[in-house]
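>>> From the sequence below, what's the structure:
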Amino acid sequence: MKKLAHLLTLSLLIIASLSLDLSAQHVKHQAGPMLGYVEHMEVGIWYQTNSKASVQVLYWKKSDPKKVFKTEIKELKSDVYFIGKFVLTNLDFGTVYEYQVSVDGKILKFSYPLQFTTQDLWQWRKDAPDFSVALGSCLYVNDPPQDRPGKAYGASPQLLESIADMKPDVMLWTGDNIYYRETDFYSKARMIYRNNEARSLKEMQRLLSTAANYATWDDHDYGPNNADRSYKFKDITLDLFNSFWFNPNAGEVDNKGVYFDFKYNDIDFILLDDRYHRAPNDLIDSTKTFFGKKQLTWLKDRLLNSSAPFKIVINGNQTINKSNPYEGFNHYQNEQNELLEFLKNQKIEGVVFFSGDRHHTELLKLEKDAMYPLYEFTNSPLTSGYNANLSEKELNNPLRVEGTLVNNTQNFGMMKVFGPRKNRSISLQTYDPKGKLIWEHTINEKELKFKSDK
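As a prediction, the model looks like this:
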């Protein structure tokens, strides 16, 4: 344990010395603060130091800065990766709060405001508020000693500043949020280093502190390329993932994983785990599992119990693409058919899929008999290399909405939710690294209903 703590501290100090000017204020500062989940009267805030420290969060209503509230003081140690998770409770709904972080009694100062807005209590009172969600996948941070030979695979993380400039209410990290390398796959110390490396990016800090951040994983932040249920370090990466993100929950008591759901205003978000229970891609078995029976049952239950006009289902891999020659739900047809038939037979309306992974962006639209059109917004990559050499089959994918393919630049996505009750719409958008709009497509909730019910 002492050796591991020494390696952790050393890696944190190296990264800190290269990244944040804030370390000049306090040598123990590492990363954050990050805003995690946001509810009506409760939020979660994440913060990390690079060595043992006493940390506290102070907060107040923006309209009443003299009345300051304080969380408990947490002792951040190596056994929790010097991470503190602070739950702020009994907040006022629909209210803007400002906050500060105290490390060993010293208040840190930032060049941008630290603030959050609790969800409003609109139910039974008024229409749900309009809001915006940013999304992205495939965040590769260059590390030359361990990178593949040749041209650097990772692009500038400046794109993260462009996302922050959009001031999204929510940020969805849809997988491959870090990239474990060959040197990391079977070393917990190296995995800690890799998580610290990404989380300490100075370009990421403003986005982390002001948007509600929710995340799921894919193969590269789970383990090796195309990793599945057989990966022997999966419980270690599960622990690291749950430590470095502040999702409201993860998996179920009798079924491990990173899957969970949350509601933001009137929209339900369901984030899935496509790795922990996944059978190997090459297994020749028509009944092989992708999500696994328990997670699939959980997903069905969540969909059945949702009355949201849009149910956003987020998966690391693509869900409806029939032309995907690599990893995807289409190669697990038994489970894929079971889910799609469930949506049709149970008349689950308003489902839209989000995904990452593919190193290109596109909007797919699947038309099925006796079913409304199923859309899937695939957004990738944030900083990883993009795939400019798609196969002819994928270039001519009949499911793709015309004009939505982006495979010549890094990019990020946005979803803007707007409109009155029973006439809500979502605008799906893609932006280049500088924040310039590339394309947008709007879907009204009435389009995602069964014809017999219109």
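>>> centroid residue for this structure?
Trp173 (1.9 Å; Cα atoms, centre = their mean).
>>> Show the contacting residues for that one.
Contacts for Trp173 (Cβ atoms under 8 Å, 6 or more residues apart in numbering) come out as 135-137, 139, 213-216, 245. In short, each C-beta sits where N, CA and C put it, glycine included.
>>> In strands, which of these fall?
Among those, the subset assigned to strands under DSSP state E consists of 135-136, 213-215.
>>> and the residue nearest to the centre of the chain, how far is that from Lys300?
Spatial separation of Trp173 from Lys300 under the definition Cβ to Cβ, to the nearest Å is 25 Å.
>>> And for Leu35?
From Leu35 across to Lys300, the span is 31 Å (Cβ to Cβ).
>>> Which of these two has more residues huddled nearby?
Neighbours per residue, other Cβ atoms under 10 Å: of Leu35 and Lys300, the larger number sits with Leu35, 24 against 16.
>>> and the more buried one, backbone torsions?
Torsion angles at Leu35 (phi, psi; degrees, to the nearest 10) stand at phi -80, psi 120.
>>> Which pLDDT value belongs to it?
You'll see Leu35 listed with a pLDDT of 98.
>>> Isn't it up against Leu207?
No - Leu35 sits out of contact with Leu207 when judged by Cβ atoms under 8 Å, with a separation of 9.5 Å.
>>> Going along the chain, name the helices of the stretch 351-454 of the chain.
Using DSSP state H, counting those that start in this stretch, the helices of the stretch 351-454 of the chain run over residues 392-395.
>>> Any stretches of the stretch 251-400 of the chain with poor pLDDT?
By pLDDT under 70, the stretch 251-400 of the chain has no low-scoring segment.
>>> Farthest pair within the ones in strands among the contacts of Trp173?
Taking Cβ to Cβ as the measure, those reach their widest spread between Gly136 and Tyr214, a distance of 12.4 Å.
>>> Identify the contacts common to these two.
Joint contacts of Gly136 and Tyr214 (Cβ under 8 Å, 6+ apart) are 172-173.
>>> got a list of what the residue nearest to Pro224 when sequence neighbours are not counted touches?
For Pro224, ignoring the flanking residues on the chain, the nearest one in space by Cβ to Cβ, 6 or more residues apart in numbering is Phe185 at 5.2 Å. Under the criterion of Cβ under 8 Å, 6+ apart, the contact partners of Phe185 comprise 223-224, 233.
>>> likewise Ile312?
Going by Cβ under 8 Å, 6+ apart, Ile312 touches 267-270, 352-354, 415.
>>> Leu238 should be in a strand, yeah?
No - judged by DSSP: H, G, I helix; E, B strand; the rest coil, Leu238 forms no part of a strand; its state is helix.
>>> Quick check: pLDDT value at His26.
According to the per-residue confidence, His26 scores 72 in pLDDT.
>>> From Asp79, how far off is it?
Applying Cβ to Cβ to His26 and Asp79 gives a distance of 22 Å.
>>> Neighbour count for the two, which is higher?
With other Cβ under 10 Å as the criterion, His26 and Asp79 differ in neighbour count, and His26 comes out ahead with 19 against 10.
>>> surely the more buried one meets Gly105?
No - the criterion here is Cβ under 8 Å, and His26 misses it with Gly105 at 10.3 Å.
>>> which among the contacts of Ile312 end up buried?
The neighbour count (16 or more other Cβ atoms under 10 Å) marks 267-270, 352-354, 415 as buried among the contacts of Ile312.
>>> Make a markdown table out of those and add distance to Ala155.
Converted to a markdown table, the buried ones among the contacts of Ile312 look like this (distance: Cβ to Cβ, whole Å):
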| residue | distance to Ala155 |
| --- | --- |
| Ile267 | 31 |
| Asp268 | 33 |
| Phe269 | 27 |
| Ile270 | 30 |
| Val352 | 28 |
| Phe353 | 26 |
| Phe354 | 22 |
| Met415 | 23 |
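>>> Looking at these, which one is closest to Phe329?
Among the buried ones among the contacts of Ile312, Phe353 lies closest to Phe329 (Cβ to Cβ), at 9.2 Å.
>>> Just grab the bridge partners of the closest one for me.
For Phe353, the residues forming beta bridges with it (DSSP bridges) are Val313, Glu376.
>>> Correct me if wrong: it contacts Leu366.
No - contact criterion Cβ under 8 Å: Phe353 and Leu366 do not qualify, at 9.3 Å.
>>> Quickly list what's touching both of those two.
320, 374-376.
>>> Can you pick out the most distant pair from those?
Every pair of those checked by Cβ to Cβ; the farthest is Ile320 and Tyr375, at 8.5 Å.
>>> what sits in contact with each of the two?
Where contact means Cβ under 8 Å, 6+ apart, the residues bridging Ile320 and Tyr375 through contact with each are 353, 364, 366.
>>> one step back: closest one of the contacts of Ile312 to Glu392?
Sorting the contacts of Ile312 by distance to Glu392 puts Phe353 at the head of the list, at 24.5 Å, by Cβ to Cβ.
>>> for that closest one, what are its contacts?
The neighbours of Phe353, taking Cβ under 8 Å, 6+ apart as the test, are 312-315, 319-320, 374-377.
>>> Export the residues you listed as TSV, with columns for distance to Val258.
As requested, the contacts of Phe353 are exported to TSV (distance: Cβ to Cβ, whole Å):
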residue	distance to Val258
Ile312	16
Val313	15
Ile314	11
Asn315	12
Thr319	17
Ile320	22
Leu374	24
Tyr375	24
Glu376	20
Phe377	20
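>>> Which parts of this structure belong to which domain?
Listed domain ranges for the chain are 2-117, 131-453 (source: automatic domain parsing).
>>> where exactly do the strands run in the stretch 1-150 of the chain?
Along the stretch 1-150 of the chain, the segments classed as strands by DSSP state E, counting those that start in this stretch run 29-38, 43-49, 53-61, 69-70, 74-76, 83-88, 96-103, 106-107, 115-117, 131-136.
>>> wait, which of these is closest to Asn249?
With Cβ to Cβ as the yardstick, what comes closest out of the strands of the stretch 1-150 of the chain is strand 29-38 (9.0 Å).
>>> Please export the C-alpha coordinates of that closest one as CSV.
The C-alpha trace of strand 29-38 is given here as CSV (Å, rounded to 0.1, in the frame of the first residue of the first chain):
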residue,chain,number,x,y,z
HIS,A,29,-4.5,21.1,-5.6
GLN,A,30,-4.9,18.5,-8.3
ALA,A,31,-8.2,18.6,-10.2
GLY,A,32,-11.7,19.9,-10.0
PRO,A,33,-14.0,20.9,-8.5
MET,A,34,-16.4,18.9,-10.6
LEU,A,35,-20.1,19.2,-10.4
GLY,A,36,-21.6,15.7,-10.4
TYR,A,37,-25.3,15.0,-10.3
VAL,A,38,-27.8,17.8,-9.8
